[in-house]
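Q: no sequence on this one, just coordinates:
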């Protein structure tokens, strides 16, 4: 299609990875619900409006036999992604300019996983409908569709904040000045005042969080031309008109939306989940959809755990016999066997361990689900795609090395986590890991950089392997 300049060409939307969009994660959730899902290792994946495509590029680097397509309206973002894919030699990824409205009636191909992240609540109704029409057009019969959106009722607070900003900013059109003024307004409004009501305190807290965002996010989200948060009930109705049925949520906190513990039909599942949204003041959804009639499990069946693996997030550590913490959040588990299992997961990370033996009883299965819902255990459908035991010719994947060569400090791990590496020495070491050097050659070249004064090759390899950044 003929490309035209967009607001995303004028102000670049920051690249990011989204773990909850990864097909390996989506397959695990599908299998938790007793559904078949395409093997992510050779799946077909489409991301809609994915900017420069870094999200799928990182997936492609870890899953070389899968096929990925990313479309976006912004020519400059697509050009960046295409250049990055070419420099990295990622032949399993296609990034192209496309208008969602046109693609909804013309796009060719069938996909096992379709991702629409950060689009739906920020585009007009016609584009929302086109997004659903495109998903309907390309989603395979056993496919999984991911749609994220700002949600109600929490969206009401953000609408009020946005209305305040737009009113105060008036008709100013200079992008940089408009964003600067918006941050100043938010910072001033966000300061607590004596005598604040509960409602004012909530709005001020939201203002402080918004002011702390990346300014480019702020420009496109709060100050963008459209902000249309949706309730889960609305999304489910809109999706059903395009042959899509609600499955569950992709993010922690939403596990029991799709598995309420009773054999409810789809409408009753959505109704109950909407009640939970109102009580929790839900702000954001990452909803999954399937083709109607697939009959997902709504009551846990612990046999499905036999096909699932478990991992843990970064930052989880054991602090006592049954005590743990994730960053500053502390918790205790009431079962010694579960505590040992969590400890084993921590010590083996980023490796993933089978749930088949541990979750054979309903008691332990229920405990696992509750920890998944809290984000303390992560469900997986595949083993960790990298290596924890570097070979004779250690290798980091080409995309990582390309990002380092381009001066990027925001990198990624093979389990799809962002990781910042600002120091020059570890970046130099990563650049050497192209698989051409054996240990002796690596040691010589590392010494020539001066990095050997900081750490030896064996230690550096162990650290990068434990960080989940080595392919071989």
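A: Ah, there it is. The structure displayed is predicted, hence computed values, not measured ones.

Q: all helices for the stretch 151-300 of the chain, in order.
A: Here the stretch 151-300 of the chain has its helices, by DSSP state H, counting those that start in this stretch, at 155-169, 175-190, 198-211, 215-220, 232-240, 255-258, 266-280.

Q: Counting by contacts, list what the fifth one packs against.
A: Packed against helix 232-240, as judged by 3 or more Cβ pairs under 8 Å, 6 or more residues apart in numbering; DSSP states H and E, are the following elements: helix 125-138, strand 139-150, strand 245-249, helix 266-280, strand 284-290. Any C-beta I mention is one placed from the backbone N, CA and C, and that applies to glycine too.

Q: can you do 6 Å?
A: Judged by 3 or more Cβ pairs under 6 Å, 6 or more residues apart in numbering; DSSP states H and E, helix 232-240 is in contact with helix 266-280.

Q: Now do the helix it packs on: everything it contacts.
A: 153, 232-233, 236, 245-246, 257, 260 (Cβ atoms under 6 Å, 6 or more residues apart in numbering).

Q: Closest to residue 390 out of these?
A: Among the contacts of helix 266-280, residue 257 lies closest to residue 390 (Cβ to Cβ), at 40.6 Å.

Q: Double-check that closest one against residue 248; I have them as touching.
A: Yes - look at residue 257 against residue 248 with Cβ atoms under 6 Å: they come within range, at 5.4 Å.

Q: Redo the helices of the stretch 151-300 of the chain as CSV? Include mean neighbour count and distance to residue 325.
A: Below are the helices of the stretch 151-300 of the chain laid out as CSV (neighbours: other Cβ atoms under 10 Å; distance: least, Cβ to Cβ, whole Å):
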stretch, mean neighbour count, distance to residue 325
helix 155-169, 16, 29
helix 175-190, 16, 29
helix 198-211, 15, 23
helix 215-220, 18, 29
helix 232-240, 19, 31
helix 255-258, 22, 21
helix 266-280, 16, 23
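
Q: Where among these is average confidence lowest?
A: Mean pLDDT per stretch puts helix 215-220 lowest among the helices of the stretch 151-300 of the chain, at a mean of 84.

Q: ok, back up a step: for residue 362, find the nearest of the helices of the stretch 151-300 of the chain.
A: Smallest distance to residue 362 across the helices of the stretch 151-300 of the chain (Cβ to Cβ): 15.3 Å, for helix 255-258.

Q: For the chain, which residues score under the pLDDT cut-off?
A: Across the chain, the ranges flagged by pLDDT under 70 are 1-14.

Q: Count the neighbours of the spatially closest residue to residue 178 that is not a sequence neighbour for me.
A: Of all residues not flanking residue 178 in the chain, residue 172 sits nearest, at 5.1 Å (Cβ to Cβ, 6 or more residues apart in numbering). Using other Cβ atoms under 10 Å, residue 172 has 11 neighbouring residues.

Q: same thing with residue 112?
A: For residue 112, using other Cβ under 10 Å, the count is 25.

Q: so it is in which element?
A: Assigned by DSSP states H and E, residue 112 falls within strand 111-116.

Q: helices and strands around that strand, which ones?
A: For strand 111-116, the elements it packs on are strand 44-48, helix 125-138, strand 139-150, judged by 3+ Cβ pairs under 6 Å, 6+ apart.

Q: rerun that using 8 Å as the cut-off
A: Applying 3+ Cβ pairs under 8 Å, 6+ apart, one finds that strand 111-116 contacts helix 23-32, strand 44-48, helix 125-138, strand 139-150.
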